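J.: Need a 3D model of the following:
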Amino acid sequence: MRLLAAASNVALRGSGLFIFLVLWEIAPRLGWVDAQFLPPLSAVAAAGYKLWDQGLLYSQLIVSLWRAALGLLLALLIAVPTGAVLAGWFPGVLKYLDPLFRLLSNVNPFSLAPVFMLFFGIGETMKLMIIALVALWPILFHTITGIRTVDPLLIKTGRSMNVSALVLMRDILLPGAFPTIVTGIRIGVQMAVFMLVAAEMLGAKAGLGWLVHASAMLSQLPRMYAGGVFIILLGVLINKVILHIEKTSFYWKQTVEIFDTAAPAKVKGRWSRVFNQYYVPAVVILFAVIIAAGGHEINRLNTERLLQHTSPQPDHATHTMGVKQHPPGCTEKKDEPLNYTIGE
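T.: Residues are numbered from 1 along each chain as shown. Model prediction:
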């Protein structure tokens with residue numbers, strides 16, 4: 001009965017998504033919408049499989065993850081120390097800076113894009129700064145909130161033991177604020193993924209956002225929709241992982257049911273204890289792998305473009321500058337532009 005109830009609950013919660021996917025498949029085939037602008041779901045799935053089979057999806061995915069990881073890391077390195085120092089050591093200064101922070105957090109990062117281009121150019125640095133700026137504010141505000149909501153009794157106990165301000169911050173304030181900081185990280189990651197797609201449409205040559213934009217410019221609509229689906233799945237997956245870490249790792253914030261006589265005592269299993277002990281190193285290793293793999297892929301793509309630009313110009317019997325030329329003596333024809341497609 002319990003299994004049947006769980007299955008019914010899952011079916012009920014997924015019914016809306018199932019109906020949407022069915023309508024996506026049949027609406028273009030029945031002529032309810034123009035299939036030229038909304039291809040059937042099966043065509044989108046086939047385009048996604050082709051992207052994966054060609055290896056193009058991995059290249060764009062790892063580049064996007066590299067940008068998101070570096071932008072998030074930069075935001076963490078700025079937001080967490082700043083929020084912790086201001087809220088823990090200089091609350092008076094924070095009182096005057098808080099309105100400025102609130103004002104800056106409401107500025108659309110793309111309105112500052114010309115400023116970023118002026119200082120950082122149109123390369124990777126500009127995109128990383130936009131992503132970092134978007135993720136900065138939720139992490140900063142949640143760090144401040146977490147430090148402020150640490151149990152005052154713990155702070156008084158630490159001060160009564162004459163611990164230094166640094167030890168108080170390291171052993172009491174930051175551990176107590178860590179669950180709230182993780183919530184800010186989750187919100188920052190979501191905003192960074194959304195902004196990443198838009199940032200990759202500004203002069204980028206790789207990434208999921210570039211894939212969607214280039215596919216649209218080449219009228220490859222199934223690939224465009226497939227890229228959009230991959231972006232959505234990536235955002236959902238990252239959000240679910242961080243939510244799982246929040247729910248399973250910060251068990252000290254949950255109600256201790258062992259003291260409740262009406263509820264049976266629950267003891268965490270071995271795998272839960274292992275996860276709680278090693279999830280931080282696992283996340284650090286994952287970040288390192290993404291940064292290393294993404295940096296390697298960026299270098300490979302840049303090397304390929306450099307070789308293409310520095311390769312010797314072909315003779316008149318070959319293609320030059322994207323235009324098909326004809327050798328001497330042939331009937332003179334109008335130059336025919338080459339057709340370029342993504343991954344083909």
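J.: Model confidence score at A113, please.
T.: A113 is assigned 77 on the pLDDT scale.
J.: Go ahead and confirm it touches M195.
T.: No - here A113 lies out of contact with M195, judged by C-beta atoms under 8 Å, at a distance of 11.0 Å. All C-beta spots, glycine's among them, are computed from the backbone N, C-alpha and C.
J.: the more surrounded of the two?
T.: M195 (23 against 18; other C-beta atoms under 10 Å).
J.: Now do the contacts for that one.
T.: Residues near M195 by C-beta atoms under 8 Å, 6 or more residues apart in numbering: 109, 130-131, 134.
J.: Most neighbours among those residues, which one is it?
T.: Neighbour counts for the contacts of M195, by other C-beta under 10 Å, peak at I131, which reaches 29 neighbours.
J.: Excluding chain neighbours, give the residue nearest to it in space.
T.: Here the nearest residue to I131 in space, its sequence neighbours aside, is G71; by C-beta to C-beta, 6 or more residues apart in numbering that works out to 3.0 Å.
J.: Buried residues in the helix or strand where that neighbour lies, which are they?
T.: Element membership for G71, per DSSP states H and E: helix 56-88. Within helix 56-88, the residues scored as buried using 16 or more other C-beta atoms under 10 Å are 56-57, 59-72, 74-76, 78-80, 82-88.
J.: residue boundaries of the helices in the protein?
T.: Along the chain, the segments classed as helices by DSSP state H run 2-29, 41-54, 56-88, 91-105, 113-120, 124-148, 152-160, 165-168, 174-199, 208-217, 221-249, 270-310.
J.: Report the distance from the third one to the chain centre.
T.: The chain centroid and the centroid of helix 56-88 are separated by 9 Å under C-alpha atoms, centre = their mean, to the nearest Å.
J.: Output the contacting helices and strands for it.
T.: Counting contacts by 3 or more C-beta pairs under 8 Å, 6 or more residues apart in numbering; DSSP states H and E, helix 56-88 packs against helix 41-54, helix 91-105, helix 124-148, helix 174-199, helix 208-217, helix 221-249, helix 270-310.
J.: JSON lines please, covering those helices and showing distance to L12.
T.: Formatted as JSON lines, the helices and strands packed on helix 56-88 follow (distance: least, C-beta to C-beta, whole Å):
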{"stretch": "helix 41-54", "distance to L12": "22"}
{"stretch": "helix 91-105", "distance to L12": "38"}
{"stretch": "helix 124-148", "distance to L12": "32"}
{"stretch": "helix 174-199", "distance to L12": "26"}
{"stretch": "helix 208-217", "distance to L12": "32"}
{"stretch": "helix 221-249", "distance to L12": "19"}
{"stretch": "helix 270-310", "distance to L12": "28"}
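J.: which non-adjacent residue is nearest W32?
T.: W32 sits nearest to I26 (C-beta to C-beta, 6+ apart), 7.8 Å away.
J.: and what of A206?
T.: Spatially, and ignoring its direct neighbours in sequence, A206 is nearest to V63 (4.5 Å; C-beta to C-beta, 6+ apart).
J.: where do the contact lists of A113 and M195 overlap?
T.: I130.
J.: how about JSON lines for the helices of the chain, with distance to A35 added?
T.: Putting these into JSON lines (distance: least, C-beta to C-beta, whole Å) gives the following:
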{"stretch": "helix 2-29", "distance to A35": "4"}
{"stretch": "helix 41-54", "distance to A35": "8"}
{"stretch": "helix 56-88", "distance to A35": "24"}
{"stretch": "helix 91-105", "distance to A35": "43"}
{"stretch": "helix 113-120", "distance to A35": "36"}
{"stretch": "helix 124-148", "distance to A35": "34"}
{"stretch": "helix 152-160", "distance to A35": "62"}
{"stretch": "helix 165-168", "distance to A35": "64"}
{"stretch": "helix 174-199", "distance to A35": "25"}
{"stretch": "helix 208-217", "distance to A35": "16"}
{"stretch": "helix 221-249", "distance to A35": "9"}
{"stretch": "helix 270-310", "distance to A35": "33"}
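J.: Comparing these by mean pLDDT, which bottoms out?
T.: The minimum mean pLDDT among the helices of the chain belongs to helix 270-310 (a mean of 77).
J.: Just list what that one packs against, helices and strands only.
T.: Using 3+ C-beta pairs under 8 Å, 6+ apart: helix 270-310 touches helix 56-88, helix 221-249.
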